[in-house]
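Colleague: structural data only, the sequence is not supplied:
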């Protein structure tokens, strides 16, 4: 297998971008990535997107985006795994380059959620339609049940949940691309509107528009495009039970554990080797469960890790330095690529106020549904 | 790059399968493929599907299908490129195995179109939403304009168009899995209801449910699973202008020409080396344009090729021996894999009444929209 590197990245601001269409967002992110590598050619494009069909009436985003980028002709397809679509698009692009079939491949993610669609209903189509969505439960309710189970099993508290939001908003306040660039206090979180007990408004990631893109090439060609490439050391993907009710332990995310284990194995690293991590905090409880399942914090200690500063900027293992989905925003198909860009910039020393010192190894974990799919990538400064 | 083979296949009947859900269809096809290779393990699953979200309110088909197959845990994702979703799923699976990352990978395609959705509106989301679908044109109209352009440029006649339907129904009458197992005459075609002039009902592929799956592995492991593996010699994908109005020559499919050229080059073959081909005849005019763009018939001679018997069973280069989309049916996401299965069986000598003698090299061409995306695979008897 050929070694693969990321050599450039581009990303729109995340937020309610009413003036931009899905294709506008893609073109902005893609052009920034291409100009970063000073190239106007690619061999292939992978577009991570959850639901262009339901959000804006547009499927078939591969050729549409290639066309609007001025690259009709190039091979292009969409990859979908709900909110893990971006991470799965990166993985497909990685295999394309690793196999030797293509040299320069753009992996992008995008979503246009603010365009009039019933967002909660569309997102619910990432749950099991027959046993969950059809009966009326949506994602805040599913993650609330995960939170209840975690509280019951490990004594996790409202303060633990709030600490994740407080941390991620503090990080996001430093990120110019973030949807919410302001800090929040634990009191604000715990007094915000109840959405699905114990989850409140400030535990939930927002509805966002945005796009992100990274450019991949063989490691041995990377220096043609940048003097600071970032190597993809490992990729791991896994699935779990689609319906929450089918899981033996709702507070443990099997797919996250499996995908992380596979990525660590391919990368040849231990969890303790990781210097900086982006993980899927669609709800504050998700960051707690994910960091535990990935063995970057001890089982049952995900909330404590946020409260103690272990996962804060300046802590032992900073998690979601971008602000995470909570503060940076969560245009669902774009998220996995945006996470990748945060790690890419951290490993290149380009993160400004959010820079983690001496970051050599980073990871991005992206998840679909209530954890039915998960994909993890491990990256290394070259 | 590792050499890759297909070692087993499974497929549901195509048709109006009201009693089967999307997941039922997948499981039936996947289990048949797994039992063909006598394995109950895979490393990954790629699910080609155009619009589970709009047709049946279900995105996130990767983990759902893995779960219902009893394989929760395995890496799985959906790949979408409108009606080329199946072919693009095969291509992604190919890269996964070719890279060395996975050994046993299932590439599946599925669609459940008969479930109450507004099928024509859903399909139209594969066209350019802003410049085509929004203004009311749907695919019969787009392909009717392609047919008009072809008639104007090359003198193609109603008899030419009808000949494609007559040929494909004659082939499909021999296929137990086909939706319409009956022959039609040129008179029946030319007297059928007008849909969008010059296209009539019997020029159009039907609305179908169905699923298909093939199992890939490295060529050097293929004999563990079958004594008659089929090698994937080449893959080629390409895009063209999304909107028909943006194309210099609406009667020539650039993406098809590019994707075929790339697949031939990778396979190291000439078009004249092909013994049997499945191509994307969503409308009869599509087969005419596709066979020309792929250089398997001369430019402007696609209709004549059907009329003269050149592309019939027993002819020089049989095209759509399965019955094609026209007669076999067109559950859009499943089509690319179903085409692959027809070629797999032809090259193994398993096609019964439809068998092409001494078939050594075959190809499958799968297309999205009005030709904005195309993917071609070349296969070889080992």
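Modeller: Thanks, I have the structure now. Here the structure is a predicted model, which is why all the values come from computation and not from measurement.

Colleague: residue ranges for the strands of the stretch 1-150 of chain A, please.
Modeller: A:4-11, A:44-48, A:75-80, A:105-112 (DSSP state E, counting those that start in this stretch).

Colleague: so for chain B, which of those strands sits nearest?
Modeller: strand A:75-80 (3.7 Å; C-beta to the nearest C-beta). To be clear about C-beta, it is placed using only N, CA and C from the backbone, and glycine gets the same treatment.

Colleague: Serialize the strands of the stretch 1-150 of chain A to TSV and add fields for distance to residue B:329 and mean pLDDT.
Modeller: Listed next are these as TSV, based on distance: least, C-beta to C-beta, whole Å; pLDDT from 0 to 100:
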stretch	distance to residue B:329	mean pLDDT
strand A:4-11	39	98
strand A:44-48	28	98
strand A:75-80	23	98
strand A:105-112	33	98
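
Colleague: just for chain A, where's the confidence low?
Modeller: For chain A, not a single residue meets the criterion pLDDT under 70.

Colleague: report the central residue of it.
Modeller: Among the residues of chain A, the one closest to the centroid is residue A:336, at 3.3 Å (C-alpha atoms, centre = their mean).

Colleague: quick one: the helix or strand that contains it near chain B?
Modeller: For residue A:336, the host element (DSSP states H and E) is helix A:335-348. No - using C-beta under 8 Å from any C-beta of the partner chain, helix A:335-348 stays clear of chain B, coming no nearer than 11.4 Å.

Colleague: and the next helix or strand past that helix?
Modeller: strand A:361-368.

Colleague: can you name every helix or strand that that next one contacts?
Modeller: In terms of contacts (3 or more C-beta pairs under 8 Å, 6 or more residues apart in numbering or on different chains; DSSP states H and E), strand A:361-368 is packed against helix A:85-98, helix A:254-267, strand A:276-278, helix A:284-293, helix A:335-348, strand A:373-381.

Colleague: and for the closest residue to residue A:144 other than its chain neighbours, the neighbour number?
Modeller: Distances taken as C-beta to C-beta, 6 or more residues apart in numbering or on different chains place residue A:196 nearest to residue A:144, at 3.8 Å, with adjacent residues excluded. Neighbours of residue A:196 under the rule other C-beta atoms under 10 Å in any protein chain shown: 20.

Colleague: residue A:196 pairs with what?
Modeller: residue A:199 (DSSP bridges).

Colleague: in this structure it contacts residue A:141, no?
Modeller: Yes - look at residue A:196 against residue A:141 with C-beta atoms under 8 Å: they come within range, at 4.7 Å.

Colleague: what's the overlap in contacts for those two?
Modeller: Common neighbours of residue A:196 and residue A:141 are not found (criterion: C-beta atoms under 8 Å, 6 or more residues apart in numbering or on different chains).

Colleague: residues in a beta bridge with residue A:362, which ones?
Modeller: Assigned bridge partners for residue A:362, using DSSP bridges, are residue A:276, residue A:379.

Colleague: for chain B, see how far away it is.
Modeller: Remark: distance between residue A:362 and chain B (C-beta to the nearest C-beta, to the nearest Å) = 21 Å.

Colleague: again with residue A:292
Modeller: Distance from residue A:292 to chain B, by C-beta to the nearest C-beta: 18 Å.

Colleague: and for that residue, the neighbour number?
Modeller: With other C-beta under 10 Å as criterion, residue A:292 counts 24.

Colleague: the one 3 residues further on now?
Modeller: Residue neighbour count, defined by other C-beta under 10 Å, stands at 16 for residue A:295.

Colleague: so it sits against residue A:258, correct?
Modeller: No - look at residue A:295 against residue A:258 with C-beta under 8 Å: they stay out of range, at 11.9 Å.

Colleague: who in the stretch 251-382 of chain A is up against chain B?
Modeller: A:254-255, A:258-259, A:262, A:368-369, A:372-373.

Colleague: biggest separation within those residues, which pair?
Modeller: Farthest pair in those (C-beta to C-beta) is A:262 and A:369. Separation: 18.9 Å.

Colleague: excluding chain neighbours, what is closest to residue A:237?
Modeller: residue B:75 (3.7 Å).

Colleague: can you get me a residue count around the one you found?
Modeller: Neighbours of residue B:75 (other C-beta under 10 Å): 31.
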